[in-house]
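**Q** from the sequence below, what's the structure:
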Amino acid sequence: MNAQTALTLQFAPAVPIPDYLVGEIRSKLAYVDELILSAEVSPEQITLHLSHPGAEGGLSAERRSEIEEKVQRVVLSMAKGAIKPKIQILEDHLERPVPYQADPMAELIARDEISQEAQGVFSLGPLLSQLIDYFEGQFIALADSFGAQPYRFPILIPARYLERVNYFRAFPHSLSFVTHLREDLQAIDQFSQQAACDEHGLQAPPDSFAQIQHLLSPAVCYHLYFALADKPLPGGQVIATAVGTCFRYESSNLVSLERLWNFTMREVIFVGSKDFVLENREIARLRMAQVFERLGLAYRVESANDPFFIGEFRKQVAFQSAFQLKFEIRARLPFAGSTLAVGSYNYHQDFFGRNLNITLPDGSPTHTGCVAFGLERIAYAFLAQFGFDPSDWPTEVRDYLQEHKP
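**A** Have a look, this model is predicted:
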């Protein structure tokens, strides 16, 4: 694989892995060791596919033992004593008939509709761009139905902001860092003379770069909460909307258009009292259900959890499940017999209000929530269900693309 010799390492997990945790643990193993190319996980067995330089004899017994020990730490942390969260289903339309059954990626490649620049990094062509514009129009209409105020936020986010909301502890594995060359003539000159790329990436003098003070933003709504921090909430409530590029690194889990390192998210954000946030979250769900019904999208809305880091996983998942803080819109992928999260309805309780000192008129912390839609994902899921023949598409999608033909 990738001009390296592949090696397989197989062993039993330290404790049996519950079926409902198989996928979660498999995804976390991508972060365990740089040699892990992929992993297969079942309740009773783990198989790792490793890369190594191809030296005689392969990996040493010590190195194999080190990798296995790290994997077992993940298994024990996530599976030992785990209690299956109760899944609450708010809508279930997964069995709606759809006309397409094939994986759309092959056709997208054949049509030059996607160009992969790196793992998890794609350029998108006219068809996908138009579909994204169509769906964003639906989400903007949702925002308009609430009278949401439009915002634009930067791609960069200060490290000190993320520290205030505990992001480094909850999601360290997904962070993407930003730096620049130090303001030093010798360092800049050294870099210009020595910097080069090889198969491992950019090679440069290690002291070239400045201290990291910013990251690539992992979410849109965070920027609004930081803008409102440390002061009373104007009028006691805010409804806002914004679209932005988000960055979440997922290692070998970055697959096709299902999981991108950078992706576009449209959000409608609610800040105010608990009742205000929860009521509007539910109204948003009901309004979007009408849109999805009109389109004939096959999907389900069910309770879900964020992809917390290993050390935080069990505690945070139990908390989110107990208070029904997150519901995902999961569109069916007929070719895979699985589903893909294309959006979510989220309630953060008073977490951001407390940590960022955003207060209501009575001095209590605000509650927050948002509805968020992944634009590349929903365009991909649409093609997975309806294919590439416009005669099979919902009328309004076909008409939109016809009217907006380049």
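**Q** make it CA atoms for all contacts and neighbour counts henceforth
**A** Noted.
**Q** got a list of what residue 17 touches?
**A** 42-44, 75, 79 (CA atoms under 8 Å, 6 or more residues apart in numbering).
**Q** leaving out the residues flanking it, which one is nearest to residue 338?
**A** If you skip the residues right next to it in sequence, residue 338 has residue 332 as its closest partner in space, 6.0 Å away by CA to CA, 6 or more residues apart in numbering.
**Q** element containing that neighbour, please.
**A** Using DSSP states H and E, residue 332 maps to strand 326-333.
**Q** ok, then the element right after that strand?
**A** Assigned by DSSP H and E, the successor of strand 326-333 is strand 338-347.
**Q** low-scoring stretches of the protein, by residue?
**A** Scanning the chain with the threshold set as pLDDT under 70 gives 1-5, 53-57, 307-323.
**Q** which among the contacts of residue 17 gets closest to residue 199?
**A** Nearest to residue 199, judged by CA to CA, of the contacts of residue 17 is residue 75 at 32.0 Å.
**Q** residue contacts, that closest one?
**A** Counted by CA under 8 Å, 6+ apart, residue 75 has contacts 13-15, 17, 25.
**Q** kindly list the main-chain dihedrals of it?
**A** The phi/psi pair for residue 75 (degrees, to the nearest 10) reads phi -60, psi -50.
**Q** same thing with residue 147?
**A** According to degrees, to the nearest 10, residue 147 has phi 70, psi 30.
**Q** that one and residue 140, how far apart?
**A** 10 Å (CA to CA, to the nearest Å).
**Q** of those two, who's got more company?
**A** Just comparing residue 147 and residue 140: by other CA atoms under 10 Å the higher neighbour count belongs to residue 140, 18 against 12.
**Q** packing partners for the helix or strand harbouring the more buried one?
**A** Per DSSP H and E, residue 140 falls inside helix 126-145. Other elements packing on helix 126-145 under the criterion 3 or more CA pairs under 8 Å, 6 or more residues apart in numbering; DSSP states H and E are strand 238-247, strand 262-272, helix 274-295, helix 375-386, helix 395-403.
**Q** relative to residue 85, which of those is closest?
**A** Between residue 85 and these, the tightest spacing by CA to CA is seen for helix 274-295, at 21.4 Å.
**Q** what about the strands in the stretch 51-200 of the chain?
**A** Along the stretch 51-200 of the chain, the segments classed as strands by DSSP state E, counting those that start in this stretch run 89-92, 114-118, 121-124, 149-150, 156-158, 177-178, 196-198.
**Q** nearest to residue 264, out of the ones you listed?
**A** Nearest to residue 264, of the strands of the stretch 51-200 of the chain and by CA to CA, is strand 121-124 at 12.0 Å.
**Q** buried set for that closest one?
**A** Using 16 or more other CA atoms under 10 Å as the test for burial, strand 121-124 gives 121-122, 124.
**Q** direction included, what does it pair against?
**A** On the basis of DSSP bridges, the sheet neighbours of strand 121-124 come out as strand 114-118 (antiparallel).
**Q** how about residues contacting the partner strand?
**A** So strand 114-118 is in contact with 108-109, 122-125, going by CA under 8 Å, 6+ apart.
**Q** of the buried residues of strand 121-124, closest to residue 190?
**A** residue 121 (29.5 Å).
**Q** any idea what that closest one is bridged to?
**A** Under the criterion used (DSSP bridges), residue 121 bridges to residue 118.
**Q** tell me the contacts of it?
**A** Per CA under 8 Å, 6+ apart, neighbours of residue 121: 260-262.
**Q** and the gap between residue 371 and residue 95?
**A** Applying CA to CA to residue 371 and residue 95 gives a distance of 24 Å.
**Q** comparing those two, which residue is more hemmed in?
**A** More neighbours surround residue 371 than the other of residue 371 and residue 95, with 27 against 11 (other CA under 10 Å).
**Q** just to be sure, the more buried one is in a helix?
**A** No - Residue 371: not assigned to a helix; according to DSSP: H, G, I helix; E, B strand; the rest coil it is strand.
**Q** I'd like the helices and strands packed on helix 126-145 as CSV, with distance to residue 227 appended.
**A** Listed next are those as CSV, based on distance: least, CA to CA, whole Å:
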stretch, distance to residue 227
strand 238-247, 12
strand 262-272, 12
helix 274-295, 18
helix 375-386, 25
helix 395-403, 36
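**Q** among these, which comes closest to residue 84?
**A** Closest among the helices and strands packed on helix 126-145, using CA to CA: helix 274-295, at 25.2 Å.
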